[in-house]
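J.: Build me a model:
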Amino acid sequence: MLNQILYFCYMANILVIEDEKRVAELLQRGLQELEHRVTLASNVVDALRTFKSTDFDIVVSDVMLPDGSGFDLCRQIREINSSIPILMLTALGTTDDKLEGFDSGADDYMVKPFDFRELDARIRILLKRCNTANPEKISYADLVIDLKTKSVYRNDILITLTPKEYNLLLFFVKNPERVLSRSEISEKVWDTHFDTGTNFIDVYINYLRKKIDKNFNPKLIHTRAGMGFIFSNKVN
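T.: Here you go, the predicted model:
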C-alpha cells in the first residue's frame with residue numbers, strides 16, 4: 001500500500017520560481033504534461049506570498065532572481081516548512097555554489113542547461129524520499145486526500161464526504177486505471193460480500209460522483225458496463 005501512496009504523490013503540486021519567462025513556460029508545460037499541477041512565481045516576494053497561501057509538495061527554484069537570491073529564498077522557505085523538498089536550478093555550477101545551495105536547505109541542485117527527463121527523475125526521487133518518511137497525502141489529477149485530517153480537495157476546493165464516501169474514494173484513488181468490480185468494492189470497502197439483488201454500491205458511487213465529479217473536469221469515476229467501475233482521468 002505504501003508504494004501505491006508514493007506513486008500518487010508523484011503527481012505533485014509544484015511551485016516553480018523562475019524569472020525567465022520562456023524557461024518558466026517550458027517548465028510549466030513539461031511538468032503539466034506529466035500531470036503535475038504547476039504554479040509559477042518570478043521573484044522572491046511573489047514566491048513567498050504564494051508559498052504561504054498554498055499547500056505545495058515540492059519547490060523548484062532558480063538561484064538568480066530579480067529581487068534577491070534563491071539561496072536566501074530557500075532559507076526563508078525552510079523557516080516556514082522544514083520538510084518540503086526543494087530543488088535548485090541555476091547556471092551557477094561550481095562546487096562552492098552547490099555547497100551554498102545545500103547549506104541554505106536545498107535537497108538537490110541541477111545546473112542549466114539540463115535534460116528535462118533528468119529533472120522529472122529528480123523530482124520523483126525527492127517526492128519519494130519525502131513521502132517514504134511521512135506519507136500524509138494521496139493525489140490524483142487535481143484531487144488531493146489528506147490522510148491525517150481525512151480532508152478531500154478537488155482543484156483546491158474542500159469537498160465534504162461521509163465516512164463511507166471517504167473510504168470509497170480512498171479505495172478508488174489507491175487503485176486507479178483498473179476496473180474494480182462491485183464484488184471487490186464491496187469486500188474491500190464494506191467488508192462484506194456483494195449481494196447482486198441490491199444496488200447499494202451504485203447508490204454510493206452516485207453520491208460520490210455528485211460531490212467530486214459533477215462540478216469538475218475531467219470526470220474521474222467511470223462505469224464499465226457489465227464489469228464495474230474505473231477511476232481515471234484518461235477515460236473519455
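
J.: Render the CA-only coordinates of stretch 227-236 in CSV, please.
T.: Extracted as CSV, the C-alpha positions of stretch 227-236 are listed here (Å, rounded to 0.1, in the frame of the first residue of the first chain):
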residue,chain,number,x,y,z
MET,A,227,-17.7,-5.1,-15.4
GLY,A,228,-17.7,-2.4,-12.7
PHE,A,229,-16.0,1.0,-12.4
ILE,A,230,-12.7,2.6,-13.2
PHE,A,231,-11.1,5.6,-11.6
SER,A,232,-9.2,7.5,-14.2
ASN,A,233,-8.7,11.0,-15.8
LYS,A,234,-7.9,9.4,-19.1
VAL,A,235,-11.2,7.9,-20.0
ASN,A,236,-13.5,9.8,-22.4
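
J.: correct me, but F51 touches V59?
T.: Yes. The pair formed by F51 and V59 meets the contact definition of Cβ atoms under 8 Å, at 7.2 Å. C-beta here means a position set from N, CA and C on the backbone, and glycine is covered the same way.

J.: who's more crowded, those two?
T.: Residue environment comparison for F51 versus V59 gives the larger neighbour count to V59, 25 against 21, counting by other Cβ atoms under 10 Å.

J.: pLDDT score for the more buried one?
T.: Among the per-residue scores, V59 shows a pLDDT of 95.

J.: What residues does it make contact with?
T.: I14, L15, I17, F51, I77, I84, P85, I86, L87 (Cβ atoms under 8 Å, 6 or more residues apart in numbering).

J.: and F114, what element?
T.: Per DSSP states H and E, F114 falls between elements, in no helix or strand.

J.: Let me see the contact set for it.
T.: By Cβ under 8 Å, 6+ apart, the residues touching F114 are L89.

J.: try A141
T.: For A141, the contacting residues are M11, E35, P218, L220, N233, by Cβ under 8 Å, 6+ apart.

J.: buried sites along the longest helix anywhere in the chain?
T.: Ranked by residue count under DSSP state H, the longest helix found in the chain is helix 116-133. Neighbour-count burial for helix 116-133, counted by 16 or more other Cβ atoms under 10 Å, picks out L119, D120, R122, I123, R124, L126, L127, K128, C130, N131.

J.: And it, what does it pack against?
T.: helix 2-9, helix 21-33, strand 58-62, strand 86-90, strand 108-111 (3 or more Cβ pairs under 8 Å, 6 or more residues apart in numbering; DSSP states H and E).

J.: Can you give the distance from that helix to the centre of its chain?
T.: With Cα atoms, centre = their mean, to the nearest Å as the basis, the distance from the averaged C-alpha position of helix 116-133 to the chain average is 12 Å.

J.: circling back to that earlier point, could I get the helices and strands packed on helix 116-133 as TSV with distance to G68?
T.: Below are those laid out as TSV (distance: least, Cβ to Cβ, whole Å):
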stretch	distance to G68
helix 2-9	30
helix 21-33	17
strand 58-62	11
strand 86-90	14
strand 108-111	18
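
J.: Show me which of these has the highest average neighbour count.
T.: Mean neighbour count, computed with mean count of other Cβ atoms under 10 Å, is highest for strand 58-62 among those, reaching a mean of 24.

J.: for the nearest residue to L27 once chain neighbours are set aside, helix, strand, or coil?
T.: The spatially closest residue to L27, leaving aside those adjacent along the chain, is V16, at 5.2 Å (Cβ to Cβ, 6 or more residues apart in numbering). Reducing the assignment to helix, strand or coil with DSSP: H, G, I helix; E, B strand; the rest coil, the entry for V16 is strand.

J.: Fine by me, thanks again.
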